[in-house]
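Asks: Any chance you could fold what I've pasted below:
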Amino acid sequence: MTTLTDTVDIVIGVDPHKHSHAAAIVAASTGKKLAALNVNADPAGFKLLVKTADEFAKSRCWVIEGCGSWGRNLANWLIEAGESVREIDSPKRPARRMGKKTDDIDATRAAREALGREDLAEPRSAGVRDALAALLMARRSAVQMATDTERQLHALASTCPEVLASRLRGLKTHRIVTTCARWRPRGDAAVIVIAQAMRKLAMRVKLLRKESSEYKDQIKIIVRAWRPDLLELVGVGSIIAATVLTVWSHPGRIRNEAAFAMLSGVAPIPASSGLISRHRLNRRGDRQLNSAFHIVTIQRQRHDARTQAYFEKRRAEGKTDREIRRCLKRYVAREIYKVLEHPLDKQ
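Replies: Sure, this is the predicted structure:
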């Protein structure tokens, strides 16, 4: 595999921040720092970065630490300008006391560490992918807030005066919300205040659930227009498909299905020593994607005949359901990756 040392003359490492970006220009052949500068995080600052890089070499690659956060706008601007851009995770800092830490040093470390990497990820695409990511984030927030509010309503339902509690006892969550939202309290002043508070909480839950449903409808429209083939897979709905698409982004970004499995945290990690050969659970990777694959395996366990037969076979071998699901998540990652990269191929 080729490295940046074989393909470019200079590497520009960037340590991005909210209001400014620190950049370091490093020679690809030697790792020598040629220049360093700090610019504003706006188009004028981006142009200054390119102008400075033009003084050294045309054959170059930009390596940005964290293209998904503060470096997002810079990465998109550079890609639109025709520049080669790669993403790198936070470089390791020296494990010693008095270890130096500045923006300039972090930018230089990013550039030099990239020189030793064989595979650097491309930044995620903009446009439709960003729209899906925004909708997923907004929906996740609405669902979380609705869940938290329901817990608060449950707590009040357990401690409120008996005149109110008697009307809620034994009801499920959605019935509690519906009942409290219709309350028109009368009588004792304290009971009225408590009932009004519970009614407002219930109304908040209903509004948040409606909001999350609207986000889901928008997500479904985008997914069906972009990659409807994902929805044909067993256990994959619009939210699962959107989660996968926001991580995958575009063809070629993730080099193979093994890398995709590692990115999602479903690839077992070798942990062998001496005569012992084993693997340990991977607790890294994108946890939202890992959760999506877990939901797919649960759905297939319940509704897919082939998966149910697989469960029976592995149970006979002494595997627990949890261990079987972990195996299935790896298979799901492989299947989804093949569909993503080769949408026209028959699976």
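Asks: any idea of the pLDDT on N290?
Replies: We have a pLDDT of 94 for N290.
Asks: now do A23
Replies: The predicted local confidence for A23 is 96.
Asks: cool, and R284?
Replies: Here the pLDDT value assigned to R284 is 85.
Asks: Please verify my assumption that it contacts G265.
Replies: Yes. The pair R284 / G265 is scored as a contact, 5.5 Å apart, by CB atoms under 8 Å. Where you see a C-beta, it was placed from the backbone N, CA and C, and this is true even at glycine.
Asks: Which residue of these two possesses the greater neighbour count?
Replies: Neighbours per residue, other CB atoms under 10 Å: of R284 and G265, the larger number sits with G265, 20 against 13.
Asks: for that one, helix, strand, or coil?
Replies: On the three-state scheme (DSSP: H, G, I helix; E, B strand; the rest coil), G265 is labelled coil.
Asks: I'd guessed it sits against R287; true?
Replies: Yes. Using CB under 8 Å as the test, G265 is close enough to R287 to be in contact (6.8 Å).
Asks: any idea where the helices of the stretch 101-250 of the chain begin and end?
Replies: Along the stretch 101-250 of the chain, the segments classed as helices by DSSP state H, counting those that start in this stretch run 103-115, 128-159, 162-165, 173-181, 189-226, 238-248.
Asks: export the ones you listed to TSV and tack on mean neighbour count?
Replies: Formatted as TSV, the helices of the stretch 101-250 of the chain follow (neighbours: other CB atoms under 10 Å):
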stretch	mean neighbour count
helix 103-115	22
helix 128-159	16
helix 162-165	14
helix 173-181	17
helix 189-226	16
helix 238-248	23
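Asks: how about these in JSON lines, adding mean pLDDT and distance to T307?
Replies: Rendered in JSON lines, the data for the helices of the stretch 101-250 of the chain read as follows (pLDDT from 0 to 100; distance: least, CB to CB, whole Å):
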{"stretch": "helix 103-115", "mean pLDDT": "90", "distance to T307": "41"}
{"stretch": "helix 128-159", "mean pLDDT": "96", "distance to T307": "26"}
{"stretch": "helix 162-165", "mean pLDDT": "91", "distance to T307": "44"}
{"stretch": "helix 173-181", "mean pLDDT": "95", "distance to T307": "30"}
{"stretch": "helix 189-226", "mean pLDDT": "96", "distance to T307": "23"}
{"stretch": "helix 238-248", "mean pLDDT": "97", "distance to T307": "16"}
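Asks: okay, those helices in CSV with distance to V26 next?
Replies: Output for the helices of the stretch 101-250 of the chain, formatted as CSV (distance: least, CB to CB, whole Å):
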stretch, distance to V26
helix 103-115, 4
helix 128-159, 30
helix 162-165, 68
helix 173-181, 57
helix 189-226, 38
helix 238-248, 30
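Asks: Give me the mean pLDDT for stretch 263-275.
Replies: Per-residue pLDDT values across stretch 263-275 average out to 81.
Asks: so what's the backbone phi/psi at A23?
Replies: phi -130, psi 150 (degrees, to the nearest 10).
Asks: shift numbering so it begins at 14
Replies: Sure thing, new numbering starts at 14, so read that last one as A36.
Asks: Is it correct that it is in contact with P29?
Replies: No. Under the criterion of CB under 8 Å, A36 makes no contact with P29, lying 9.2 Å away.
Asks: who has more neighbours, those two?
Replies: Between A36 and P29, counted using other CB under 10 Å, the more crowded position is A36 (29 against 23).
Asks: residue contacts, that one?
Replies: Taking CB atoms under 8 Å, 6 or more residues apart in numbering as the contact definition, A36 lies against I25, G26, V27, D28, A49, L50, N51, V52, L62, T65, A120.
Asks: looking at the helices of the stretch 114-263 of the chain, which is closest to H316?
Replies: Of all the helices of the stretch 114-263 of the chain, it is helix 251-261 that lies closest to H316, at 14.2 Å by CB to CB.
Asks: same for that closest one, what does it pack against?
Replies: With contacts defined as 3 or more CB pairs under 8 Å, 6 or more residues apart in numbering; DSSP states H and E, helix 251-261 has these neighbours: helix 141-172, helix 202-239, helix 300-316, helix 334-354.
Asks: Helix, strand, or coil at the closest residue to D117 other than its chain neighbours?
Replies: Computed as CB to CB, 6 or more residues apart in numbering, the closest residue to D117 that is not its neighbour in sequence is A49, at 5.0 Å. Under the three-state scheme (three-state DSSP), the conformation of A49 reads as strand.
Asks: before we move on, back to that, the contacts of A36: which two are farthest apart?
Replies: Using CB to CB, these span at most 15.5 Å, a distance reached by D28 and T65.
Asks: So between the two, which is more surrounded?
Replies: Neighbours per residue (other CB under 10 Å) separate D28 from T65, with D28 holding more: 27 against 17.
Asks: I figured that one was touching E78, is that so?
Replies: Yes. D28 sits in contact with E78 when judged by CB under 8 Å, with a separation of 5.5 Å.
Asks: so what sits against both of the two?
Replies: With contacts defined as CB under 8 Å, 6+ apart, the residues shared by D28 and E78 are D119, A120, A123.
Asks: Dump the residues you listed to CSV, plus distance to L341.
Replies: Written out in CSV, the entries for the shared contacts of D28 and E78 read as follows (distance: CB to CB, whole Å):
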residue, distance to L341
D119, 40
A120, 42
A123, 37
